[in-house]
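Student: Here's my sequence, what's the structure:
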Amino acid sequence: MTKQVGRLRCPTPEFSQVIWALKHWLVALLLLLFWVVPAWSQGMEDLSRSDRSALMYATRLTFNRQRVPVITVGIMDGQQSITVLSHDGLRFLPDGDGGPSVDMGRGGLVTCTATVKHGVPAKVEYYVVLDRVPAQDLGMVTRRFRKLQAKGLKLRQFQVGSVFGFYGHVLDNRKVLIVRDRPFKSLGAAQKVQKQTRPDLRVHAVLVKPPKGRIIVRCKGYKAVMVSNAYIYFKSFDHSPVTVKRVEFGKGFSWHSREDRRYTGLMYFAVDRHGKLAVVDAVDAETMLAGLVPSEMPHSAPMAALQAQAVAARNELFAKLGTRHGADPYMLCSDVHCQVYRGLGRENPRTTRAVNSTRGLLLFKGGKLVDTVYSSNCGGVSSSPDAIWGMHGSGLPAGLLDTRDRRQVDFTDTHKLEAFLESPPAGIYCAAHKRTFRWRVERTRQKLRVSIMNRTGKDPGAIQDLRVLKRGRSGRVLKMLVKGRAGQVILDGELTIRQALGGLKSALFLMRKKRGPGGLLDSVTFIGGGFGHGAGMCQVGAMGMARHKISFKGILLHYYPGSELLRIY
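Tutor: Next comes the predicted model:
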């Protein structure tokens, strides 16, 4: 759950020792708690309805009877009504597992529709994030805070993430967010400022007052009506799947649409932050991964690559818990913002086998959980999460060639980058996918102007020039200047640059400019490599390594050097 850390003061040695002791006492307490309470339903009996409602916004993990963590995933929200169906009946649980129940048929088709009446949105404050620092490194938090404070900014801090106990292992994914101490009432207003300030970071939402609304569930062919002012749990009989009708996905993207999707586990309806209806799946991590991995890598990929993807996806899953959606009644969403989870309908025997064969395996480095980011094709050279998203201490260096020797290079020199793009060295694992490994695309002056306006909200006028202001060691463009007749626009951040230049596959590119009358740019040809941000595991490269008979462990150590593989459950 999001917590305010408060204003930072330079810690004394005695203060640091107290913090150290308190942290380790907390870890010990969490380990004891999670060891004694391994099941979703245990410990629920003594909680009041308001207590259970509050848990929807907490980051406390629960476990199923196989000792696998249970994660609440937002399937869909922002709806006025949601319809679900089961071919084996539905059991509604007003107080969750272990409480009273209302059965709607068994062994037959049941269709139920939930609606929300008198919905009142939550009171949420939105903050522009200036920096994100690992909470464990108090010295770094101090330095980054003071550096921003020296600019005369009024600051505030929040801590996100949590410490999780896993049967003898501790996962600590806490981050300190340094924000402008000026909350916005609307997400849109905060996002506008965030894009202009640190576009590589996301606005931080803080739940001040939870939403209100009456949830009403009616089932076709039944007179009983279920009503709740907080939430309504439900599940099918005998673990059969539940279909959620017309699930909305891809919001904000060209593929935005709806489709029916099937899920398993304990589910619930809840009032979301907008005062509308959400449906959430409380699913164990391994079941979720079985539905998630097929969306991240083709099921036809070599088994070693699928296994590496399963481990990387598992790490990402736990690294994100508690770090986002603090104002929503679930831990993670099921869309691109978190990880794409489409339920049972996308499962495949090969990807499920990859998940099962790596059950409970996670990557650690220096005792800390590795944030195993990954992208489609690195173009033959790695980028760094520190440079791409302003992360600190990721331990993933930039400029490593995707070859057997993993040699480090420096492509801030455009002549070296040009040679690499035009004549890449032999032995690059991700070179087999020609369409994403190297690409060339032309953008007209007018198309560039429109896409820059759409991404930044600023109109540079007729574009006179584009200049690279900063490249990372991998050669990726991190900052650009757009010079136009109406003024200048700075493009800051890898994703911002890609989107502002018309949706480039990556920021690993060189430009060939063609000028027209008056010195204006007529068009620009971008010559580039890779697809995505290029940090962490290269998915096409992982498939290439697997075809060279390299094991999934070898693949993971190649892309996350210095890490170790541990089974935590």
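Student: Check which residues of stretch 456-466 are buried.
Tutor: 456, 458, 460, 463-464, 466 (16 or more other CB atoms under 10 Å). Using the backbone N, CA and C atoms, a C-beta is placed for each residue, glycine as well.
Student: Tell me the secondary structure at Tyr126.
Tutor: For Tyr126, the assignment made with DSSP: H, G, I helix; E, B strand; the rest coil gives strand.
Student: Please report the number of neighbouring residues for it.
Tutor: By other CB atoms under 10 Å, 21 other residues sit near Tyr126.
Student: show me what contacts it?
Tutor: Counting by CB atoms under 8 Å, 6 or more residues apart in numbering, Tyr126 makes contact with 183-187, 189-190, 203-206.
Student: so which of those residues would you say is closest to Ala301?
Tutor: When these are ranked by distance to Ala301 (CB to CB), Val203 comes first, at 35.1 Å.
Student: and that closest one, how many residues sit next to it?
Tutor: Val203 has 20 neighbouring residues, counting by other CB under 10 Å.
Student: what's the closest non-adjacent residue to the most centrally placed residue in the chain?
Tutor: Central residue of the chain (CA atoms, centre = their mean): Cys338, 3.0 Å from the mean position. Spatial nearest neighbour of Cys338, chain neighbours left out: Leu332 (4.4 Å); criterion: CB to CB, 6 or more residues apart in numbering.
Student: just the strands in the stretch 451-569 of the chain please.
Tutor: Applying DSSP state E, counting those that start in this stretch to the stretch 451-569 of the chain gives strands spanning 463-471, 477-484, 487-492, 509-515, 521-528, 537-538, 564-567.
Student: Of these, flag the one that's most buried.
Tutor: Mean neighbour count (mean count of other CB atoms under 10 Å) peaks for strand 537-538 among the strands of the stretch 451-569 of the chain, with a mean of 27.
Student: Centre of the chain to it, how far?
Tutor: How far strand 537-538 lies from its chain's middle: 16 Å, per CA atoms, centre = their mean, to the nearest Å.
Student: Partner strands of that strand, with direction?
Tutor: strand 374-375 (parallel) (DSSP bridges).
Student: Run a quick neighbour tally on the closest residue to Gly395 other than its chain neighbours.
Tutor: Leaving aside its chain neighbours, Gly395 sits nearest to Lys365 (5.6 Å; criterion: CB to CB, 6+ apart). Residues within reach of Lys365, counting by other CB under 10 Å, total 17.
Student: How about the one 3 residues further on?
Tutor: Counted by other CB under 10 Å, the residues lying close to Lys368 total 18.
Student: cool, Val120 as well?
Tutor: The number of residues packed near Val120 is 13, by other CB under 10 Å.
Student: Test my guess that it contacts Lys212.
Tutor: Yes - the pair Val120 / Lys212 is scored as a contact, 4.1 Å apart, by CB atoms under 8 Å.
Student: Mutual contacts of the two, please.
Tutor: Gly275.
Student: So what's the residue count around Ala224?
Tutor: Ala224: 11 neighbours (other CB under 10 Å).
Student: ah, wrong one, I meant Gly380
Tutor: Quick note: Gly380 (other CB under 10 Å) scores 29 neighbours.
Student: ok, now which ones touch Asp131?
Tutor: Asp131 neighbours (CB under 8 Å, 6+ apart): 144, 148, 177-178, 198, 201, 390.
Student: ok, now with 7 Å
Tutor: 144, 148, 178, 390 (CB atoms under 7 Å, 6 or more residues apart in numbering).
Student: who wins for neighbours among the residues you listed?
Tutor: Ile178 (24 neighbours).
Student: in what helix or strand does that one lie?
Tutor: Assigned by DSSP states H and E, Ile178 belongs to strand 175-180.
Student: Surely the residue nearest to Cys338 is in contact with Gly322?
Tutor: No - contact between Leu332 and Gly322 fails when scored by CB atoms under 7 Å: they sit 9.6 Å apart.
Student: Give me the more crowded residue out of those two.
Tutor: Gly322 (26 against 23).
Student: show me where the stretch 1-150 of the chain has strands.
Tutor: 3-4, 62-63, 69-79, 81-86, 90-93, 102-104, 110-120, 123-127, 129-134.
Student: Please name whichever of those strands is nearest to Ala230.
Tutor: Between Ala230 and these, the shortest separation by CB to CB is 11.4 Å, and it involves strand 110-120.
Student: any weak-confidence spans in the stretch 301-450 of the chain?
Tutor: Applying pLDDT under 70 to the stretch 301-450 of the chain picks out residues 391-393.
Student: In the sheet, which residues pair with Gln408? Tell me.
Tutor: Leu400.
Student: ok, now which ones touch it?
Tutor: By CB under 7 Å, 6+ apart, the contact set of Gln408 is 397, 399-400.
Student: Ranking by neighbours, what's the top pick from those residues?
Tutor: Among the contacts of Gln408, Leu400 has more neighbours than the rest - 23 neighbours, counting by other CB under 10 Å.
Student: so who does the residue nearest to Cys338 touch?
Tutor: Residues in contact with Leu332 (CB under 7 Å, 6+ apart) are 71, 73, 320, 325, 338.
Student: Can you report how many residues lie near the fourth one?
Tutor: It stands for His325. His325: 23 neighbours (other CB under 10 Å).
Student: pLDDT value on Pro11, please?
Tutor: With respect to pLDDT, Pro11 scores 39.
Student: re earlier: now for the contacts of Asp131: which two are most distant?
Tutor: The two members of these with the most space between them (CB to CB) are Leu148 and Gly390, at 12.2 Å.
Student: got TSV for the buried residues of stretch 456-466, with pLDDT and distance to Gly503 too?
Tutor: Formatted as TSV, the buried residues of stretch 456-466 follow (pLDDT from 0 to 100; distance: CB to CB, whole Å):
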residue	pLDDT	distance to Gly503
Thr456	88	14
Lys458	91	18
Pro460	95	18
Ile463	94	17
Gln464	94	22
Leu466	97	16
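Student: What is the most widely separated pair among those?
Tutor: Among the buried residues of stretch 456-466, Thr456 and Gln464 lie farthest apart (CB to CB), at 16.8 Å.
Student: Roughly how far does Gln408 sit from Gly108?
Tutor: 63 Å (CB to CB, to the nearest Å).
Student: Oh, that last question was meant for Ile527, not what I typed.
Tutor: 61 Å.
Student: and if you look at Arg182?
Tutor: For Arg182 relative to Gly108 (CB to CB), the value is 56 Å.
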